[in-house]
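A.B. asks: Got a sequence here, can you build the structure:
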Amino acid sequence: QQQTFVTLNIPDAKKNGVPFSQVVEVPPAGSTNITRSVNFNLADYKIKLNQNGVPNKIKMVFGFKFIKTNTTILPTHNSMAIVMSLSDIAFKNLFGSIGQKWLAPDTDTIPITLFNNSLAGGGISVLNASLGINISNAFGIPIRATFQKLQGYNPLSITPIVNVVSPLFNNPLPISTPTQVGQSATSSLLLNASNSNIDNVLTNLPRYLIYKIDALSNPPPPAVQMQNFIEDSSRFKVDVDINIPLEGTLKNLIFQDTIMFKFQEVEELQSLTMKVFFKNGFPIETKVQVYFADTMGYVLDSLLQDDVILASALVGNNGRVTTATEKNTEIYYPEDKILRLKKVRKIYVKASTNTVDGGTKNVKIYSDYRLDLKISGRAKLKFKI
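C.D. replies: Predicted structure coming up:
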């Protein structure tokens with residue numbers, strides 16, 4: 001039943017060197033208890049969470065001042081309770097011993113689009129492929145990390161998963177630790193044919209590279225507690241880059257591409273002659289066939305009676321193509337066969353490839369190489385007059 005002032009001091013919470021201190025006025029209680037709720041903002045305060053060697057503690061000092069307003073104090077009005085809580089805790093920086101924590105990033109996936117149009121079967125041998133593992137650590141914490149999973153995945157293969165294996169994985173990944181706030185320490189690891197089975201992984205034509213890393217902070221040793229630091233912007237990041245130079249051999253490797261297509265007004269066609277022009281700008285022997293398919297992907301007919309075989313483009317002394325090879329062919333469609341084309345919604349272009357000399361000669365592929373296919377038609381129409 002007395003007017004009360006409560007002073008809250010937090011000696012180890014300082015802003016611009018000044019300790020936190022606030023006064024709360026609690027009015028006298030009447031016939032019922034008085035409840036007063038107050039929120040304090042601790043933004044930009046530096047707080048020491050260590051009291052006499054006991055970690056994760058914060059010292060709070062309360063002072064009380066009572067101003068007598070009533071000489072009569074009821075037996076039930078002679079107590080005061082204070083409840084404290086911290087909410088929406090966010091730190092800009094933390095300094096101290098973080099301890100041992102498992103840092104387990106989610107599984108990550110890298111698409112390998114190079115093989116997207118290849119079909120099961122056949123073989124590829126790539127020279128000088130490599131896998132770069134780049135690690136960036138902005139935590140002031142020693143970290144020990146190992147690959148829990150690193151594999152190539154091809155859902156179309158008889159063996160869909162091929163694990164990347166290297167003796168370098170017998171030891172933890174080389175992770176550097178920054179020594180000052182605001183720094184980011186980097187380290188890297190390079191896998192190639194001399195220290196891994198990366199060539200064998202690529203032979204399986206993977207569509208994805210899948211990896212997952214397990215990491216432990218402050219791994220033993222040392223036995224003494226390490227002084228760590230963390231910023232709100234600190235990140236531990238692992239990037240895996242695969243480098244596949246297009247140099248090597250192909251043997252019976254099949255690629256297929258899809259073109260959306262629809263024939264118009266086939267009822268008026270009495271006959272149709274299609275002329276197909278092929279141009280092979282790759283230093284690879286290629287066997288090509290074209291198929292017509294309906295909206296569900298079922299093949300209705302083939303454009304060519306026999307596969308067209310295209311010789312390898314000519315290559316100069318520097319390993320680059322100098323002259324593409326070309327071939328033309330004509331296909332005649334009578335009226336009864338034309339009616340099948342009414343349901344065509346897709347065209348599949350299928351190419352079976354081999355490097356020369358039975359798929360044993362290494363070649364180089366450059367981004368400006370093309371395999372061109374052009375189709376033109378000469379139609380005989382029927383009209384009612």
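
A.B. asks: Show me which positions of the longest helix seen in the chain end up buried.
C.D. replies: Ranked by number of residues, the top helix in the chain under DSSP state H is helix 198-203. Across helix 198-203, burial judged by 16 or more other C-beta atoms under 10 Å covers 198-199, 201-203. (Glycine included, C-beta is placed from N, CA and C.)

A.B. asks: which one among those gets closest to Asn362?
C.D. replies: Asp199 (13.0 Å; C-beta to C-beta).

A.B. asks: Go ahead and confirm that closest one touches Gly123.
C.D. replies: No: here Asp199 does not reach Gly123: they are 11.7 Å apart, not a contact under C-beta atoms under 8 Å.

A.B. asks: Looking at Thr295 now. What's its pLDDT?
C.D. replies: Listed pLDDT for Thr295 reads 89.

A.B. asks: looking at the chain, which helix or strand is least sure?
C.D. replies: helix 356-359 (a mean of 72; mean pLDDT, DSSP states H and E).

A.B. asks: Which SSE is immediately downstream of it?
C.D. replies: Next in sequence after helix 356-359, counting helices and strands by DSSP states H and E, comes strand 363-364.

A.B. asks: Sheet-wise, list the partners of that following strand with their directions.
C.D. replies: strand 247-251 (antiparallel) (DSSP bridges).

A.B. asks: Report all helices and strands that the next helix or strand after the partner strand contacts.
C.D. replies: With elements assigned by DSSP H and E, the helix or strand that comes after strand 247-251 is strand 253-260. In terms of contacts (3 or more C-beta pairs under 8 Å, 6 or more residues apart in numbering; DSSP states H and E), strand 253-260 is packed against strand 346-354.

A.B. asks: If you average the pLDDT over the strand it packs on, what comes out?
C.D. replies: 88.

A.B. asks: For it, list the C-alpha coordinates in CSV.
C.D. replies: The C-alpha coordinates for strand 346-354 follow below in CSV (Å, rounded to 0.1, in the frame of the first residue of the first chain):
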residue,chain,number,x,y,z
LYS,A,346,6.6,-34.3,-80.8
ILE,A,347,9.6,-35.0,-82.9
TYR,A,348,12.5,-37.0,-81.3
VAL,A,349,15.9,-36.6,-82.8
LYS,A,350,18.1,-39.5,-81.7
ALA,A,351,21.9,-39.5,-82.3
SER,A,352,24.3,-42.4,-81.6
THR,A,353,27.8,-41.1,-81.3
ASN,A,354,31.3,-42.5,-81.5
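
A.B. asks: how about low-confidence regions in the chain?
C.D. replies: 1-2, 29-32, 69-78, 104-105, 119-122, 222-226, 264-267, 358-359, 382-385 (pLDDT under 70).

A.B. asks: For the closest residue to Ser302 other than its chain neighbours, pull up the helix or strand it's in.
C.D. replies: Spatial nearest neighbour of Ser302, chain neighbours left out: Tyr291 (5.3 Å); criterion: C-beta to C-beta, 6 or more residues apart in numbering. Using DSSP H and E, Tyr291 sits in strand 285-293.

A.B. asks: now the strands for the stretch 151-300 of the chain?
C.D. replies: 161-163, 185-191, 208-217, 228-231, 236-243, 247-251, 253-260, 269-280, 285-293, 299-302 (DSSP state E, counting those that start in this stretch).

A.B. asks: scratch that, the stretch 1-150 of the chain
C.D. replies: Using DSSP E, counting those that start in this stretch, strands in the stretch 1-150 of the chain cover 3-15, 18-26, 46-47, 50-51, 54-55, 61-67, 93-96, 102-103, 108-111, 123-126, 130-137, 143-153.
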